[in-house]
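>>> Sequence and predicted model, in that order:
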Amino acid sequence: MGMQTIGRPTAPITAMGGEAQTVSGSKGLMQHEDLIFEVGATDKTGVDLPEPKGKASRLGGVTRKADTGLPGLSEPEAVRHYMRLSQKNYAIDLGLFPLGSCTMKHNPRLNEKAARMAGFADVHPMQPQRTVQGALELIDELATWLKTLTGMPAVAMSPKAGAHGELCGMLSIRQALIARGEGDTRKRVLVPASAHGTNPATAIQCGFIVDEIAADTRGRVDMADLKSKLEITDDIAGIMLTNPNTCGLFETDIKEIADLIHAAGGYFYCDGANFNAIVGRVRPGDLGVDAMHINLHKTFSTPHGGGGPGSGPTVLSDALAPYAPVPYVVKDQDGFHLVEAAEGEASEAFGRMVAFHGQMGMFVRALTYMLSHGADGLKQVAEDAVLNANYVQARLKGVMTPAFDGYCMHEALFSDEFTADGIETIDIAKALIDEGYHPMTMYFPLVVHGAMLIEPTETESKQELDRFCDALASVATRAAAGDEAMKGAPYLAPKKRLDETRAARKPILKWTPPAPEAIAAE
Amino acid sequence: MRYLPLTPEDRTAMLNTIGAASVDDFYEDVPQSARLDGQINDLPDHQGELAVDRHMAQLAGKNRTASDGPFFVGAGAYKHHVPASVDMIIQRSEFLTTYTPYQPEIAQGTLQTLFEFQTQVAAMTAMDVANASMYDGSTACAEAAVMACRVTRRKKVVLSGGLHPHYAAATRLLCEAQGIEVVQLPPAIDGELELASNIDDATACVIGQSPNVFGTVTDLSPVADAAHAQKALLVSVFTEAVSLGLVTPPGEMGADIAVGEGQSIGNPLTFGGPYVGLFACTQKLVRQMPGRLCGETVDADGERGFVLTLSTREQHIRRDKATSNICTNSGLCALAFTSHMTLLGGKGFKQLAELNHEAACDLADALEAVPGVEILTPRFFNEFAFQTPVDAEAVLAMLDERGVLGGVRVSRMLPEAGMGNVILAAATECTTQDDIAAYAAALKEVI
């Protein structure tokens, strides 16, 4: 690999001089686009609906008084509006998206095609079950894959996203404790300091108390601290542990941790956000896990969609399986059917989490992905994801500070120790934007100062990794040299650095029409 | 493997750079007994696109679709037409394959659409502010209940007898886990106003629904007044977002929090998900809201831009003190919603609502004319409950044999309600006069 010769790594912006001003507000291909409330009109519409016949109403007078006042756009205007806006987004389809713990991998288009088959997309959740046997079979088939890959006996399919899966797992634990008659006494949940914010938030949502455990100098659970937290055991509900953890490391003592928690009478919740590192190589069921959510939108490539929808099926051990929420699919001689009420065969179920049966559209995509990869391909997924992360770590460890010694799993973690005074992690992130990349996860996990967490995933080629490493190495070198220009980055993005403080101080959360005097003054 | 770019030569070169002998080195921290070697039993190996496509098509082919014949199933999810351009917009890579907009300088596309979404939802519900979406209506309802308890520092919520039973279940679950008392009023087709007489000074909120699960529309203003007199909140729920074009919206009834299902706008049925939860409230409650919020600000040049804001409410900042554990929401479904609303505009939205209502009126007229049928819902938008002399499950099965998916039996959701002969039937702009005639004719045959 030769030296990076594209761009100007030391002072890329000053050479540009002043920025060109345009009448339109557009900058070449980057089109300016106002809000729909500014470009649309209330009498305009992009649909051709039949005229209502104006027949007698059966609303009994319960009618809307004020119109919504919302503007519409014709179809060409609407399409253009969204295309212009789309060009202001970075996306995995444009380039490497190294957000640690988020697993931004390629989203195969076959998955999208399958999810749009009428037999999946145009099927109602409350149709008679004999008319939806294919949908129920698909859920059952996906469940089989998830159980087999995790080595767990049961899976709850209805959780809507990862955090919702956490809720499912922790409510299962709560119900198991209630069944033991210890629901009121066992309230303490151990959560490592490095955990995702969702873990402590979920524990609280379930009525538990969070007891934080420290990380050791190797980025793993501090076993001495853990043991000290287990000196009293009769209030222990369980532990919520991410594995591989948020430092991108496998918890070496995980089996001992599981044994200690079980001996204390608690349950082991594993945050499965990082399952991509171990799928096909390690089964959580072999590690003593009692519950684990699986982010189908991470490991199994359903698209993130700019913040969802996700899907968080939650695998359960024999100890927790009886408490799984309704609905769930069972198979008998007549075919597949849904158990929808927490009674009869589901009398121990902890309840119902959502209106219907889970994120079917995500199930279709995930199963399509699994069938495409197969068991052999999924193992290769994990291995390539881990190889790519270690390659990035190896390429960058000379110019950045790895947070911990040794190999990583699927993501490489660096601290900000290498930066000059005054240059912070956020400056590196924003300078990376100018190089054409989405930044890594910043300031997380909290146990590492100025953390930079890089997860390349398995769908990046070596060429793309090299290009990314060249760019980040150059930014890191500038950070180490104290390049003040970085404080103003990004310079080349659709927007300059945005004032988040101002947004929070006096929140403007919707568009409001300008005051009449302001219009008159124009 | 078509989704994996590394070649064997790449892998070798990369291992050399790293200084590792094989990928097994990276897994050395895994306890020996937990390492999987070789094949994963019972799962097939990789397959080409054609084979997978065939498998999925075969599964899809076993389902009857909502477009295969006359279709009247509702009860919280509705068959509507989605404009072709909506599906094209949400498949645009820059929207489809991006993440939560944590780096606003390169996510203005997502952020601006969220800002527009929030504005539209606030206008449709007639509320001050809306968030950037929840998972679905049922989880939004549960979050509203616990938010009301935070706001009022009280621990009791009252659910109407017309609240969708699945919403009630999701709400009860979250509340009970947090030690919140839940009072469930008995199932009632026209009982939303009963909430007003079930409020005391310990009540955090009452949760009413209009149109409710039986289709009944109700002006909840008297409930809002009764709640406010006790310093409690009104949470107003809807499962059919199209109703907001015609029916009194939560904000016009004095609701403090409005929650509902947004699937009807822009999102296909997809057997129950993914959908998009709508969540709106009054200005003074905004800092207690769950979920993401997009706000306006300026960039370093003073130009308008958008960012995620008030994140000190959220789990990634506040951890155990957060207002909710929600992280990923329904971003792409919200985009489908907002782009469909942009195509409709306020005018088209109202017209769509009128068409839905007229279709349901036509359906009610036709079914009412069938001997033995009694319409039970006194005031409705696009869905109503009716009773026949025959068990509803049997009626629906016989209708199905005649090619008509006639609705949802109430006993499927409320087995204890003593409504074994009651069916919920919905009509939308997709319902044709032929569909209605077919339904009436088939119903006449089977009861």
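Everything's here; your move. Numbers count the residues shown, from 1 in each chain, chains lettered A, B, ... in the order given.
>>> Only C-alpha atoms from now on, for both contacts and neighbour counts.
OK.
>>> With A:Ala154 as the reference, measure out to the closest residue to A:Ser317 other than its chain neighbours.
The shortest distance from A:Ser317 to any residue other than its chain neighbours is 4.7 Å, reached at A:Asp290 (Cα to Cα, 6 or more residues apart in numbering or on different chains). Between A:Asp290 and A:Ala154 the distance is 10 Å, computed by Cα to Cα, to the nearest Å.
>>> And B:Cys327, by the same measure?
Separation of B:Cys327 from A:Ala154 (Cα to Cα): 25 Å.
>>> likewise B:Gly302?
54 Å.
>>> Compare these two and say which is more crowded by neighbours.
A:Ala154 (22 against 13; other Cα atoms under 10 Å in any protein chain shown).
>>> Wondering if stretch A:42-54 reaches chain B at all.
Yes: for stretch A:42-54 and chain B, the contact criterion (Cα under 8 Å from any Cα of the partner chain) is met by A:42-47, A:49-53.
>>> what do you get for stretch A:181-194?
No: using Cα under 8 Å from any Cα, no contact is recorded between stretch A:181-194 and chain B, whose separation bottoms out at 10.2 Å.
>>> Show me the contact partners of that stretch.
A:174-178, A:199-200, A:203, A:207-215, A:221, A:234-241, A:245-247, A:445-447 (Cα atoms under 8 Å, 6 or more residues apart in numbering or on different chains).
>>> if we look at chain B, which of the residues you listed are close to it?
When Cα under 8 Å from any Cα is applied, the members of those adjacent to chain B are A:199-200, A:203, A:207, A:210.
>>> among the helices and strands of the chain, which has the poorest mean pLDDT?
All of this refers to chain A. Sorting the helices and strands of chain A by mean pLDDT, DSSP states H and E puts helix A:516-521 at the bottom, at a mean of 62.
>>> actually it's chain B I care about, not the one you picked
Evaluated with mean pLDDT, DSSP H and E, the helix-and-strand set of chain B has its lowest mean pLDDT in helix B:315-318, which scores a mean of 86.
>>> List the buried residues for that helix?
Of all the residues in helix B:315-318, those buried under the rule 16 or more other Cα atoms under 10 Å in any protein chain shown are B:315-316, B:318.
>>> What residues are bridge-paired with A:Leu241?
With DSSP bridges applied, the residues forming beta bridges to A:Leu241 are A:Cys270.
>>> For it, which residues are in contact?
Per Cα under 8 Å, 6+ apart, neighbours of A:Leu241: A:191-192, A:195, A:268-271.
>>> That one and B:Glu429: what is the separation?
From A:Leu241 to B:Glu429 the distance is 49 Å (Cα to Cα).
>>> swap in A:Phe250?
Note on A:Phe250: its distance to B:Glu429, by Cα to Cα, is 54 Å.
>>> just B:Thr216 next, same as before
Here the distance between B:Thr216 and B:Glu429 works out to 19 Å (Cα to Cα).
>>> Looking at the two, which one has more neighbours?
Between B:Thr216 and B:Glu429, B:Thr216 has the larger neighbour count (other Cα under 10 Å), namely 28 against 20.
>>> wait, what's in contact with the more buried one?
B:189-190, B:210, B:377-381, B:384.
>>> count of residues packed around the closest residue to it other than its chain neighbours?
By the measure of Cα to Cα, 6+ apart, the closest residue to B:Thr216 outside its immediate chain neighbours is B:Phe380, 4.8 Å from it. The tally of other residues near B:Phe380 (other Cα under 10 Å) stands at 26.
>>> Show the model's pLDDT score for B:Phe380.
Confidence at B:Phe380, expressed as pLDDT, is 98.
>>> Likewise for the one 5 residues further on?
Per-residue confidence (pLDDT) for B:Ala385: 98.
>>> which residue ranges form the helices in the chain?
Chain wasn't specified; assuming chain A. In chain order, chain A shows helices spanning A:36-39, A:75-86, A:109-115, A:118-121, A:133-150, A:162-179, A:198-205, A:223-229, A:254-263, A:360-396, A:425-434, A:462-481, A:500-505, A:516-521, with DSSP state H as the criterion.
>>> Chain B, not that one
Using DSSP H, the helices of chain B run over B:8-18, B:49-60, B:84-90, B:93-96, B:108-125, B:137-152, B:165-177, B:221-229, B:315-318, B:331-368, B:392-401, B:410-413, B:433-446.
>>> So which of the ones you listed is nearest A:Tyr369?
In terms of Cα to Cα, the element of the helices of chain B nearest to A:Tyr369 is helix B:49-60, at 8.9 Å.
>>> Show me what the closest one is in contact with.
Among residues not part of helix B:49-60, those counted as contacts by Cα under 8 Å, 6+ apart are A:110, A:114, A:117-120, A:134-135, A:137-138, A:368, A:371-372.
>>> Kindly report the same for stretch B:406-415.
A:126-127, B:70-75, B:165-166, B:392-393, B:396, B:399-400, B:417-426, B:439.
>>> How about stretch A:352-371 and chain B, touching?
Yes: using Cα under 8 Å from any Cα, a contact is recorded between stretch A:352-371 and chain B, made by A:352-362, A:368, A:371.
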